[in-house]
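Undergrad: sequence below, structure please.
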Amino acid sequence: MLATQLSTLDRRPYFEKALQYGLAQGILTSERFEIILADGAKGIVQIANFFGTAYLRQELETARDRLVTLLSLYLEAVSGGDLHAAAVSLREKSLLSHSKGGSDMLRALIDLPGDTLLERGRRKSPETQKPELNVWTYAEPLDFHAYTAKLREGRARQVEVEYAIWLLAAFGQGELDEPATQADAASVVSSAMLVLYVKGAPLRMPSLLDFVKLVVALQYAEAGAPRVRKFLAAVPEPFGELARASYARFVEQTLPRIRGCSADSLLHGGGSGIFFIRDDLGEDSRAYEKRVAGVWYRATSGQVDDDHVIATVLLLVATGFPPKARLLKREAREIIAVFRTKGFDSQAVLAYIETYAPIEHRQEFKKVWRDDLMPEADQALGDPDDSDRHMERATTYLQKTCKAEWKAKK
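TA: You can find the predicted model right below:
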């Protein structure tokens, strides 16, 4: 117990402990020690030049600390924490080879993904590795235990990324296009599990419309759990364990969430980013709008990107009339009359947007109403000085702003 406590309190760098052990045990002779010192001086100059300059004392002192970090990291790795083996390594191999070994270990760690995004060109050049080498050799020096923890995490992320790429290929996605390079590995796995779980669903990454159909089918259709198990049994190593764990997590966490939400809220609400959606250039985006926001789609007659139609719908709701895409001149006069009597019901407009507009556009439409359309219409439809008693000016404004069914006077 006492030895353990003493060991815990010994915070010397591993290189220092190995060096002193080797000298005390006669493993390292005085001649070998002098060679180590000379090699150390060379190593300090090399490291100082790599990170800055060898002509400043502060840079040399920092380089010395960096060298000790690299030596300690490599020595503890090759010796397995055995000081005798570490001392023998210092006797048999040059100090600079130990320093290079530590540097190679850090570079290998840097090359592992720091996240699970499916990005192209993950591997870093020596120059782009420098900032992290700077941090891990001096600002936040890594000892062997911290290194192995980071290495374990990085390798786990690497397997996740490779599994996601394999899934994309297995589901016919092939080469990732540019937008998909920012997809997260977990989103690819979730989409794959969803497709597999819905019995009879085509084995492909879902498009927007595919996703809507899958979510609807999941509420009513028979689950395809046997198909999932058959697929998982064919997953190659080293993905087998990860694949089984991912499926268990899908059943326990993701599946209940899908069953409690609409497709639109899953994609654009609080659950955005959970699923990978395949780009389908041949798919009509209006078909998706129709499926996920039927009331809004009918109110706009499918013209969900027409600013004049949106203005028509919002102004009708603001004055208490049923929303629709086109405005008759008679209806325009009714809007003006209601506004001049009671003003706009802004809360009704915001509630309508929140209830019926597609989730991805709700904040945008609310901003349009509050910041642009409402204040502009408030000025244009009013008649403070009785100069527009016959509503000609206000009607002209609505004819320009809305989807009008009458022609302007020449």
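Undergrad: so where's the stretch 201-350 of the chain shaky on pLDDT?
TA: Where the stretch 201-350 of the chain drops to pLDDT under 70, the residues are 219-224, 260, 269-272, 284-285, 289-293.
Undergrad: check which helices and strands the lengthiest helix in the chain sits against.
TA: Counting residues, the longest helix found in the chain (DSSP state H) is helix 144-170. The contact analysis (3 or more C-beta pairs under 8 Å, 6 or more residues apart in numbering; DSSP states H and E) places helix 144-170 against helix 57-79, helix 95-111, helix 185-197, helix 240-249. The C-beta positions use only the backbone N, C-alpha and C, and glycine is treated the same way.
Undergrad: what's the average pLDDT for that helix?
TA: In this model, helix 144-170 has a mean pLDDT of 94.
Undergrad: what angle sits between it and helix 57-79?
TA: 70 degrees (axes from the mean of the first three to the mean of the last three C-alpha atoms, to 10 degrees).
Undergrad: buried stuff in helix 144-170?
TA: Within helix 144-170, the residues that count as buried by 16 or more other C-beta atoms under 10 Å are 144, 147, 150, 154, 157-164, 166-168.
Undergrad: try stretch 97-113
TA: By 16+ other C-beta under 10 Å, the buried positions in stretch 97-113 come out as His98, Ser99, Gly101, Gly102, Ser103, Met105, Leu106, Leu109, Ile110, Leu112, Pro113.
Undergrad: report the backbone C-alpha coordinates of that stretch in PDB.
TA: C-alpha atoms of stretch 97-113 as PDB (Å, rounded to 0.1, in the frame of the first residue of the first chain):
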ATOM      1  CA  SER A  97      14.600   7.700 -32.200                       C
ATOM      2  CA  HIS A  98      12.600   7.800 -29.000                       C
ATOM      3  CA  SER A  99      11.600  11.400 -29.700                       C
ATOM      4  CA  LYS A 100      10.500  10.500 -33.200                       C
ATOM      5  CA  GLY A 101       8.500   7.600 -31.800                       C
ATOM      6  CA  GLY A 102       6.600   9.900 -29.500                       C
ATOM      7  CA  SER A 103       6.000  12.300 -32.300                       C
ATOM      8  CA  ASP A 104       4.700   9.500 -34.500                       C
ATOM      9  CA  MET A 105       2.400   8.400 -31.800                       C
ATOM     10  CA  LEU A 106       0.900  11.900 -31.500                       C
ATOM     11  CA  ARG A 107       0.600  12.200 -35.300                       C
ATOM     12  CA  ALA A 108      -1.300   8.900 -35.400                       C
ATOM     13  CA  LEU A 109      -3.700  10.200 -32.800                       C
ATOM     14  CA  ILE A 110      -4.200  13.500 -34.600                       C
ATOM     15  CA  ASP A 111      -5.100  11.600 -37.800                       C
ATOM     16  CA  LEU A 112      -8.000   9.900 -36.000                       C
ATOM     17  CA  PRO A 113     -11.300  11.700 -36.300                       C
END
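Undergrad: quick one: the longest helix of the chain to helix 185-197, angle?
TA: 40 degrees.
Undergrad: now the end-to-end length of stretch 195-215.
TA: Stretch 195-215 has an end-to-end distance of 10 Å (criterion: C-alpha to C-alpha, to the nearest Å).
Undergrad: again with stretch 286-302
TA: Start to finish, the residues bounding stretch 286-302 are 7 Å apart (C-alpha to C-alpha).
Undergrad: now do it: distance to the chain's middle.
TA: In terms of C-alpha atoms, centre = their mean, to the nearest Å, the centre of stretch 286-302 is found 29 Å from the chain centre.
Undergrad: hmm, who's touching it?
TA: Residues from elsewhere that reach stretch 286-302, judged by C-beta atoms under 8 Å, 6 or more residues apart in numbering: 208-209, 212, 262-264, 304, 306, 309-310, 313, 323-326, 355-358.
Undergrad: one more time with 7 Å
TA: For stretch 286-302, the surrounding residues in contact (C-beta atoms under 7 Å, 6 or more residues apart in numbering) are 208-209, 212, 262-264, 304, 309, 313, 323-325, 356-358.
Undergrad: repeat for stretch 261-278
TA: 173, 183-184, 187-188, 190-191, 205-208, 211-212, 215, 254, 257-258, 292-293, 358-360.
Undergrad: these in strands, which ones?
TA: The members of those all map outside strands under DSSP state E.
Undergrad: just the buried residues of the residues you listed.
TA: 173, 183-184, 187-188, 190-191, 205-208, 211-212, 215, 254, 258, 292-293, 358-359.
Undergrad: in helices, which of those residues fall?
TA: Judged by DSSP H, these include Ser187, Val188, Ser190, Ser191, Leu208, Phe211, Val212, Val215, Ile258, Val292, Ile359 as members of helices.
Undergrad: out of these, who's nearest Ser125?
TA: Nearest to Ser125 among these: Val188, at 27.2 Å, using C-beta to C-beta.
Undergrad: nearest residue to that closest one in space, please, no chain neighbours.
TA: Ala164 (4.0 Å; C-beta to C-beta, 6 or more residues apart in numbering).
Undergrad: about what we covered before: in PyMOL, how would I select the buried members of the contacts of stretch 286-302?
TA: The PyMOL selection below is limited to those of the contacts of stretch 286-302 classed as buried (16+ other C-beta under 10 Å):
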select buried, resi 208+209+212+262+263+264+304+309+313+323+324+325+356+357+358
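Undergrad: so which of the contacts of stretch 286-302 comes closest to Tyr55?
TA: Nearest member of those to Tyr55, counting by C-beta to C-beta, is Leu208, at 60.7 Å.
Undergrad: the residue lying closest to that closest one once chain neighbours are set aside is in what secondary structure piece?
TA: Excluding the flanking residues, the one nearest Leu208 by C-beta to C-beta, 6+ apart is Tyr288, at 4.4 Å. Following DSSP states H and E, the helix or strand that holds Tyr288 is helix 285-292.
Undergrad: can I get the CA coordinates of the helix or strand just after that helix in CSV?
TA: Counting by DSSP H and E, the next helix or strand C-terminal to helix 285-292 is helix 294-299. This file holds the C-alpha atoms of helix 294-299, laid out as CSV (Å, rounded to 0.1, in the frame of the first residue of the first chain):
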residue,chain,number,x,y,z
GLY,A,294,-51.4,19.5,-45.8
VAL,A,295,-53.4,22.4,-44.4
TRP,A,296,-50.7,24.9,-45.3
TYR,A,297,-50.3,23.3,-48.7
ARG,A,298,-54.0,23.5,-49.5
ALA,A,299,-54.2,27.1,-48.2
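Undergrad: cool, thanks, talk later.
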